[in-house]
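Colleague: Got a predicted structure plus its sequence, pasted below:
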Amino acid sequence: MLFLGERGYRVIAHDRRGHGRSSQPWDGNDMDTYADDLATLVDALDLRNAIHVGHSTGGGEVARYIGRHGTKRVAKAVLIAAIPPLMLKTAANPGGLPIEIFDGIPAGVLADRSQFFKDLTSPFYGADRAGAKVSQGLRNSFWLQGMQAGFKNVFDLHPEGRTESKGRPRREARRRPTADLPQPIRPTMTIDFSNVFGI
């Protein structure tokens, strides 16, 4: 953001509901609501010809925003290691992540949220790879951001929205990320980081 701001761009970042300095509501921890929250912000600031950039879940938020609210105010989109089009390993997506990775998220948060975020810094930044140069400071910053998020907000954030977890129902995703950009806007830049989480 600093790089772009110093070059004359207006740069806006928001803390997703339940994260950072935003409030921590009990409900609405899903992509549809994230996208609607973003639309409220875009409308309130009257942003036009905006370039929307999203990383990881933020990429899903950008895609869902476009899917729900269209491209009237969007000039370009950049999806960086984003959850769309699909993160889960399936027959149609053999390079995806096993379901066990996703099921481990709520389980890890429930068991020990603080340790979960500390452990997640290693695969998230690739710190566990040979020759990686990831500072402890960066990992500490990631942990702090995770701990500032609401417990329920983090627990609900399960990208694949599986229907069952240890015999109890879990909310289903209302729509797969693949449905968000049936006709991607142009230009859209997708930056994929392979070998995420060591898989």
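Modeller: Looks like it came in fine.
Colleague: Give me the pLDDT for the most centrally placed residue in the chain.
Modeller: What sits nearest the mean C-alpha location of the chain, by CA atoms, centre = their mean, is residue 57, with 0.8 Å. Residue 57 is assigned 87 on the pLDDT scale.
Colleague: ok, now which ones touch it?
Modeller: Neighbouring residues of residue 57 by CB atoms under 8 Å, 6 or more residues apart in numbering: 16, 34, 83, 157, 159. The way it works is simple: take the backbone N, C-alpha and C, and place the C-beta from them, glycine included.
Colleague: repeat for residue 139
Modeller: 118, 121-122, 125, 127.
Colleague: and it, which of the three is it?
Modeller: helix (DSSP: H, G, I helix; E, B strand; the rest coil).
Colleague: and it, how far is that from residue 125?
Modeller: 7 Å (CB to CB, to the nearest Å).
Colleague: ok, now residue 66?
Modeller: As for residue 66, its distance to residue 125 is 28 Å (criterion: CB to CB).
Colleague: For the two, indicate the residue with more neighbours.
Modeller: Taking other CB atoms under 10 Å, residue 66 and residue 125 do not tie; residue 66 has more neighbours (22 against 16).
Colleague: Give the buried residues for stretch 26-37.
Modeller: 29-31, 33-37 (16 or more other CB atoms under 10 Å).
Colleague: Secondary structure and pLDDT added to the contacts of residue 139, as CSV?
Modeller: Shown next, in CSV, are these (DSSP: H, G, I helix; E, B strand; the rest coil; pLDDT from 0 to 100):
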residue, secondary structure, pLDDT
118, helix, 95
121, helix, 91
122, helix, 90
125, helix, 86
127, coil, 87
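Colleague: wait, which of those is closest to residue 61?
Modeller: Relative to residue 61, the closest of the contacts of residue 139 is residue 125; by CB to CB it sits at 20.8 Å.
Colleague: so residue 138 makes contact with residue 124?
Modeller: No: look at residue 138 against residue 124 with CB atoms under 8 Å: they stay out of range, at 10.1 Å.
Colleague: between those two, who's got more neighbours?
Modeller: residue 124 (18 against 13).
Colleague: what's the host helix or strand of that one packed up against?
Modeller: Under the criterion of DSSP states H and E, residue 124 resides in helix 99-125. Where contact means 3 or more CB pairs under 8 Å, 6 or more residues apart in numbering; DSSP states H and E, helix 99-125 is packed against helix 136-148, helix 151-156.
Colleague: what comes up buried for it?
Modeller: So, applying 16+ other CB under 10 Å, buried residues of helix 99-125: 101-106, 108-109, 113, 116-118, 120-125.
Colleague: Specify the beta-bridge partners of residue 79.
Modeller: For residue 79, the beta-bridge partners are residue 54, residue 190 (DSSP bridges).
Colleague: Excluding residues flanking it in the chain, which one is nearest residue 68?
Modeller: What sits nearest to residue 68 in space, not counting adjacent residues and going by CB to CB, 6 or more residues apart in numbering, is residue 35, at 4.9 Å.
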